[in-house]
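Enquirer: below: sequence and its predicted model.
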Amino acid sequence: MPFLRAAGKSEEALGFEIEALTAELKTAMFCAGCGSIAALRSPHVWQNVL
């Protein structure tokens, strides 16, 4: 829903929302030691989190 809400405001707001999500995903991947989104999906990454 954040993308839809942002798109309803303006293209610029949507761009900011996409940039924020991208930055959050890159941070999560870095912290988990994953080089790709596929690696982030791996069960061993989440083994000690839950």
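Expert: On my side now, so go ahead. Numbering: from 1, shown residues only.
Enquirer: please, where are all the strands along the protein?
Expert: If you assign secondary structure with DSSP state E, the chain ends up with no strands.
Enquirer: which strands and helices sit next to the top helix by length along it?
Expert: The longest helix of the chain (DSSP state H) is helix 11-32. Identification of packing neighbours for helix 11-32 by 3 or more C-beta pairs under 8 Å, 6 or more residues apart in numbering; DSSP states H and E yields helix 2-9, helix 37-40. Every C-beta, even on glycine, is put in place using the N, C-alpha and C of the backbone.
Enquirer: quick one: low-confidence ranges for this structure?
Expert: In the prediction, the chain carries residues with pLDDT under 70 at positions 49-50.
Enquirer: excluding residues flanking it in the chain, which one is nearest the most centrally placed residue in it?
Expert: Note on the chain: the residue nearest the mean C-alpha position is L25, at 3.1 Å, using C-alpha atoms, centre = their mean. Setting aside the residues directly before and after it, L25 is nearest to I37 in space (C-beta to C-beta, 6 or more residues apart in numbering), at 7.4 Å.
Enquirer: on that earlier part again, export the helices and strands packed on helix 11-32 to CSV and tack on distance to C31 and mean neighbour count?
Expert: Formatted as CSV, the helices and strands packed on helix 11-32 follow (distance: least, C-beta to C-beta, whole Å; neighbours: other C-beta atoms under 10 Å):
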stretch, distance to C31, mean neighbour count
helix 2-9, 21, 12
helix 37-40, 10, 12
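Enquirer: now the ones you listed in JSON lines, with distance to L21?
Expert: JSON lines is the format used below for the helices and strands packed on helix 11-32 (distance: least, C-beta to C-beta, whole Å):
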{"stretch": "helix 2-9", "distance to L21": "8"}
{"stretch": "helix 37-40", "distance to L21": "12"}
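Enquirer: which stretch among those helices approaches A20 most closely?
Expert: When the helices and strands packed on helix 11-32 are compared by C-beta to C-beta, helix 2-9 sits nearest A20, at 8.6 Å.
Enquirer: please save the CA atoms from that closest one in PDB.
Expert: Output in PDB follows, covering the C-alpha atoms of helix 2-9 (Å, rounded to 0.1, in the frame of the first residue of the first chain):
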ATOM      1  CA  PRO A   2       2.800   2.500   0.500                       C
ATOM      2  CA  PHE A   3       3.500   2.600  -3.200                       C
ATOM      3  CA  LEU A   4      -0.100   3.100  -4.100                       C
ATOM      4  CA  ARG A   5      -0.500   5.900  -1.500                       C
ATOM      5  CA  ALA A   6       2.700   7.600  -2.800                       C
ATOM      6  CA  ALA A   7       1.600   7.200  -6.400                       C
ATOM      7  CA  GLY A   8      -1.600   8.900  -5.500                       C
ATOM      8  CA  LYS A   9       0.300  11.900  -4.300                       C
END
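Enquirer: much appreciated, bye for now.
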